[in-house]
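Colleague: Got a sequence here, can you model it:
(one chain, ligands or ions: 1)
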Amino acid sequence: MRRKLAAGNWKMNGTGQALSELADLARAHPDPACDILICPPATLLHRAVQISADNAINVGAQDCHAEASGAHTGDISAEMILDAGARHVILGHSERRQDHGESDAAVCAKAQAALNVGLTAIICLGETLAQRDASATLDIIAGQLSGSVPDAVTGENLVIAYEPIWAIGSGRIPEPAQIGEVHGFLRARLKERFGADISDAVRLLYGGSVKPENAAEIFAVPDVDGALVGGASLKAAEFSPIIAALEASD
Ligand SMILES: O=C[C@H](O)COP(=O)(O)O
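Modeller: Below is the predicted model of the structure:
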């Protein structure tokens, strides 16, 4: 049985003051019925881990380099993330694919680096609005899935986040049936490639304008195992009802 996952991606938001939100979140969810993960900027990673050492909040990073070490100014390696005490890393977010030109192959190499040190890779994929309008969504998703996910996954160490690019930060979300179509497709493709045992263990998150008001509807969609939340994860008061909706979902 997959344990549901409420993941918050703080993106390039937050200085030390924002860490009080972590403590508030932990107080609101002392014994959650789902996993809770916050991915702050790299500058806050270690402090976030320290604050969360004795509570139910997990901490993750937002990116890693594909190499273990070397002359890569400004980057951090998977081992550094592990050393900071985090156990998850988001990879291939559309903002990185766009801002940094990350290809599926680059995301796959980063994911392999993450798996090599024992991190769980949260690999993001999703279509643009033009691709959806052209009925190309499943083709795009199939290509990203096959190109971005390394062979060495066990199931438990892989999370896939379906994030339609047009839904990110826009206030728009797909119809539940559209989310269900993509998630069902992802599960089937994972099963084809890795077999049922691994496919059944992979958690599939939806991301893009998840808010307290729409969370229950999204979590009722089959094969949605949680959410990757951006803006609404920045404040405990807004993320907490999303977590509660996930806990209440079947
Ligand atoms: O990683 C999170 C997603 O990009 C969703 O962001 P959002 O919840 O602000 O739309």
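Colleague: contacts, neighbours, all on C-alpha from now
Modeller: Fine.
Colleague: just checking, what packs against the longest helix along the chain?
Modeller: What stands out as the longest helix in the chain, according to DSSP state H, is helix 176-194. Here helix 176-194 touches helix 137-148, helix 196-201, going by 3 or more Cα pairs under 8 Å, 6 or more residues apart in numbering; DSSP states H and E.
Colleague: tell me the SS of the residue of the chain positioned farthest from its centre?
Modeller: Largest separation from the mean C-alpha position in the chain: Ala71, at 27.7 Å (Cα atoms, centre = their mean). Three-state call for Ala71 (DSSP: H, G, I helix; E, B strand; the rest coil): coil.
Colleague: Show the contacting residues for it.
Modeller: Residues counted as contacts of Ala71 (Cα atoms under 8 Å, 6 or more residues apart in numbering): none.
Colleague: go on, Thr120?
Modeller: Taking Cα under 8 Å, 6+ apart as the criterion, Thr120 is in contact with 87-89, 114, 156-159.
Colleague: repeat for Gly85
Modeller: By Cα under 8 Å, 6+ apart, the neighbours of Gly85 are 46, 49, 59.
Colleague: rerun at 6 Å
Modeller: By Cα atoms under 6 Å, 6 or more residues apart in numbering, Gly85 lies in contact with Val49.
Colleague: what's the answer for the one 5 residues further on, then?
Modeller: With contact set as Cα under 6 Å, 6+ apart, Ile90 has these partners: 62-63, 122.
Colleague: And stretch 166-177, what's buried?
Modeller: Buried positions in stretch 166-177, judged by neighbour count with 16 or more other Cα atoms under 10 Å: 166-169, 173.
Colleague: Need those residues in JSON lines (columns: pLDDT).
Modeller: Shown next, in JSON lines, are the buried residues of stretch 166-177 (pLDDT from 0 to 100):
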{"residue": "Trp166", "pLDDT": "98"}
{"residue": "Ala167", "pLDDT": "98"}
{"residue": "Ile168", "pLDDT": "97"}
{"residue": "Gly169", "pLDDT": "97"}
{"residue": "Ile173", "pLDDT": "96"}
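Colleague: The residues you listed: which two are farthest apart?
Modeller: Gly169 and Ile173 (9.8 Å; Cα to Cα).
Colleague: Show the average pLDDT along stretch 83-98.
Modeller: Averaged across stretch 83-98, the pLDDT comes to 98.
Colleague: which parts of that stretch are buried?
Modeller: Buried residues in stretch 83-98 (16+ other Cα under 10 Å): 84-94, 97.
Colleague: so can I have JSON lines of those showing distance to the ligand and secondary structure?
Modeller: Listed next are the buried residues of stretch 83-98 as JSON lines, based on distance: Cα to the nearest ligand atom, whole Å; DSSP: H, G, I helix; E, B strand; the rest coil:
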{"residue": "Ala84", "distance to the ligand": "21", "secondary structure": "coil"}
{"residue": "Gly85", "distance to the ligand": "21", "secondary structure": "coil"}
{"residue": "Ala86", "distance to the ligand": "17", "secondary structure": "coil"}
{"residue": "Arg87", "distance to the ligand": "17", "secondary structure": "coil"}
{"residue": "His88", "distance to the ligand": "14", "secondary structure": "strand"}
{"residue": "Val89", "distance to the ligand": "12", "secondary structure": "strand"}
{"residue": "Ile90", "distance to the ligand": "8", "secondary structure": "strand"}
{"residue": "Leu91", "distance to the ligand": "10", "secondary structure": "strand"}
{"residue": "Gly92", "distance to the ligand": "10", "secondary structure": "coil"}
{"residue": "His93", "distance to the ligand": "7", "secondary structure": "coil"}
{"residue": "Ser94", "distance to the ligand": "7", "secondary structure": "helix"}
{"residue": "Arg97", "distance to the ligand": "12", "secondary structure": "helix"}
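Colleague: I appreciate the help and will end here.
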